[in-house]
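1. pasted the sequence and its predicted model underneath.
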Amino acid sequence: MQIYETILIIKPVLADPEVVEFVEKTKLTIAGESGELVTHEIWGRRKLTHIIGKAREGIYVYLKYKGSPALLKKMAHNFGVSDTVLREMTVLVRDRKMREKKPKKIKPAVAPAAAAQA
(Lines give C-alpha, C1' and ligand atoms only; values in the text may rest on other atoms or scores of the structure.)
Protein backbone atom coordinates (compact mmCIF):
# COMPACT_ATOMS: atom_id res chain seq x y z
CA MET A 1 0.00 0.00 0.00
CA GLN A 2 1.21 3.46 -0.87
CA ILE A 3 0.61 6.75 0.92
CA TYR A 4 -1.37 9.46 -0.89
CA GLU A 5 -2.25 13.06 -0.07
CA THR A 6 -5.38 14.66 -1.46
CA ILE A 7 -6.43 18.28 -1.27
CA LEU A 8 -10.03 19.11 -2.13
CA ILE A 9 -11.65 22.45 -2.80
CA ILE A 10 -15.35 22.17 -1.99
CA LYS A 11 -18.11 24.60 -2.97
CA PRO A 12 -18.54 27.37 -0.41
CA VAL A 13 -22.33 27.05 -0.26
CA LEU A 14 -22.02 23.99 1.99
CA ALA A 15 -22.50 24.46 5.72
CA ASP A 16 -19.97 23.07 8.20
CA PRO A 17 -22.07 19.96 9.05
CA GLU A 18 -22.37 19.15 5.34
CA VAL A 19 -18.59 19.41 4.90
CA VAL A 20 -18.06 17.06 7.86
CA GLU A 21 -20.61 14.65 6.34
CA PHE A 22 -18.75 14.74 3.00
CA VAL A 23 -15.46 13.95 4.77
CA GLU A 24 -17.12 11.08 6.65
CA LYS A 25 -18.40 9.61 3.36
CA THR A 26 -14.88 9.87 1.96
CA LYS A 27 -13.51 8.08 5.04
CA LEU A 28 -16.01 5.27 4.47
CA THR A 29 -14.90 4.98 0.86
CA ILE A 30 -11.28 4.69 1.96
CA ALA A 31 -12.12 2.07 4.58
CA GLY A 32 -14.36 0.17 2.14
CA GLU A 33 -11.47 -0.30 -0.29
CA SER A 34 -9.19 -1.65 2.49
CA GLY A 35 -7.40 1.67 2.83
CA GLU A 36 -6.32 3.40 6.01
CA LEU A 37 -6.85 7.08 6.78
CA VAL A 38 -3.66 8.49 8.31
CA THR A 39 -4.88 12.03 8.96
CA HIS A 40 -7.40 14.58 7.75
CA GLU A 41 -7.85 18.30 8.28
CA ILE A 42 -10.52 20.78 7.29
CA TRP A 43 -8.57 23.93 6.51
CA GLY A 44 -11.71 26.00 6.19
CA ARG A 45 -13.03 28.67 3.85
CA ARG A 46 -10.41 30.54 1.83
CA LYS A 47 -10.47 32.99 -1.03
CA LEU A 48 -9.45 31.49 -4.39
CA THR A 49 -6.78 33.12 -6.53
CA HIS A 50 -9.03 32.78 -9.57
CA ILE A 51 -12.71 32.08 -10.08
CA ILE A 52 -13.67 28.41 -10.42
CA GLY A 53 -17.21 27.87 -11.69
CA LYS A 54 -18.52 31.23 -10.42
CA ALA A 55 -17.04 30.60 -6.97
CA ARG A 56 -14.67 33.16 -5.48
CA GLU A 57 -13.91 31.11 -2.38
CA GLY A 58 -13.84 27.46 -1.42
CA ILE A 59 -13.55 25.12 1.53
CA TYR A 60 -10.22 23.31 1.64
CA VAL A 61 -9.96 19.73 2.92
CA TYR A 62 -6.72 17.76 3.33
CA LEU A 63 -6.63 13.94 3.44
CA LYS A 64 -3.63 11.65 3.91
CA TYR A 65 -4.27 7.94 3.52
CA LYS A 66 -2.75 4.58 2.64
CA GLY A 67 -4.28 2.63 -0.19
CA SER A 68 -3.96 0.83 -3.46
CA PRO A 69 -4.04 2.37 -6.95
CA ALA A 70 -7.57 0.97 -7.30
CA LEU A 71 -8.66 3.10 -4.35
CA LEU A 72 -7.06 6.14 -5.95
CA LYS A 73 -8.98 5.52 -9.16
CA LYS A 74 -12.27 5.13 -7.27
CA MET A 75 -11.65 8.33 -5.27
CA ALA A 76 -10.86 10.31 -8.43
CA HIS A 77 -14.07 9.03 -10.02
CA ASN A 78 -16.16 9.93 -6.96
CA PHE A 79 -14.68 13.43 -6.79
CA GLY A 80 -15.19 13.91 -10.53
CA VAL A 81 -18.90 13.08 -10.49
CA SER A 82 -19.56 14.95 -7.24
CA ASP A 83 -21.23 18.34 -7.58
CA THR A 84 -19.69 19.59 -4.35
CA VAL A 85 -16.02 19.29 -5.37
CA LEU A 86 -14.62 22.20 -7.37
CA ARG A 87 -11.05 20.88 -7.65
CA GLU A 88 -9.04 17.95 -6.34
CA MET A 89 -5.39 17.07 -6.44
CA THR A 90 -3.85 13.80 -5.30
CA VAL A 91 -0.13 13.13 -5.03
CA LEU A 92 1.91 10.10 -4.09
CA VAL A 93 3.98 10.68 -0.97
CA ARG A 94 7.57 9.64 -1.39
CA ASP A 95 9.63 9.50 1.76
CA ARG A 96 13.14 10.82 1.36
CA LYS A 97 14.46 8.22 3.77
CA MET A 98 13.17 5.43 1.55
CA ARG A 99 15.25 6.58 -1.40
CA GLU A 100 18.80 5.36 -1.25
CA LYS A 101 21.51 7.47 -2.72
CA LYS A 102 23.38 5.72 -5.47
CA PRO A 103 27.14 5.77 -5.03
CA LYS A 104 28.88 7.93 -7.58
CA LYS A 105 31.12 6.14 -10.01
CA ILE A 106 34.63 7.43 -9.81
CA LYS A 107 36.58 7.31 -13.02
CA PRO A 108 40.09 5.96 -12.60
CA ALA A 109 42.59 8.76 -12.74
CA VAL A 110 45.02 8.60 -15.62
CA ALA A 111 48.61 9.11 -14.57
CA PRO A 112 50.03 12.32 -16.11
CA ALA A 113 53.20 10.54 -17.28
CA ALA A 114 51.19 7.82 -19.04
CA ALA A 115 49.01 10.43 -20.74
CA ALA A 116 52.04 12.38 -21.97
CA GLN A 117 53.65 9.28 -23.52
CA ALA A 118 50.53 8.27 -25.41
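-> That came in fine, so what should we check first?
2. for the chain, what's the longest helix?
-> Taking DSSP state H as the criterion, the chain has its longest helix at helix 16-32.
3. what does it contact?
-> Helix 16-32 has contacts (CB atoms under 8 Å, 6 or more residues apart in numbering) with 10, 14, 36-37, 40, 42, 59, 61, 63, 65, 67, 71, 74-75, 78, 84. The C-beta positions use only the backbone N, C-alpha and C, and glycine is treated the same way.
4. if you count neighbours, what's buried in it?
-> By neighbour count on 16 or more other CB atoms under 10 Å, the buried set for helix 16-32 is V19, F22, V23, T26, T29, I30.
5. quick one: low-confidence ranges for the chain?
-> Where the chain drops to pLDDT under 70, the residues are 96-104, 109-118.
6. can you check which strand is longest in it?
-> Assignment by DSSP state E gives strand 36-52 as the longest strand of the chain.
7. okay, angle between that strand and helix 16-32 too, please.
-> With axes from the mean of the first three to the mean of the last three CA atoms, to 10 degrees defining the directions, strand 36-52 sits at 130 degrees from helix 16-32.
8. counting by contacts, list what strand 36-52 packs against.
-> Helices and strands touching strand 36-52, by 3 or more CB pairs under 8 Å, 6 or more residues apart in numbering; DSSP states H and E, are strand 2-10, helix 16-32, strand 55-67.
9. please state the offset of that strand from the chain centre?
-> Between the centre of strand 36-52 and the centre of its chain there are 12 Å (CA atoms, centre = their mean, to the nearest Å).
10. next, format the helices and strands packed on strand 36-52 as JSON lines and append distance to K47.
-> Putting those into JSON lines (distance: least, CB to CB, whole Å) gives the following:
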{"stretch": "strand 2-10", "distance to K47": "11"}
{"stretch": "helix 16-32", "distance to K47": "17"}
{"stretch": "strand 55-67", "distance to K47": "5"}
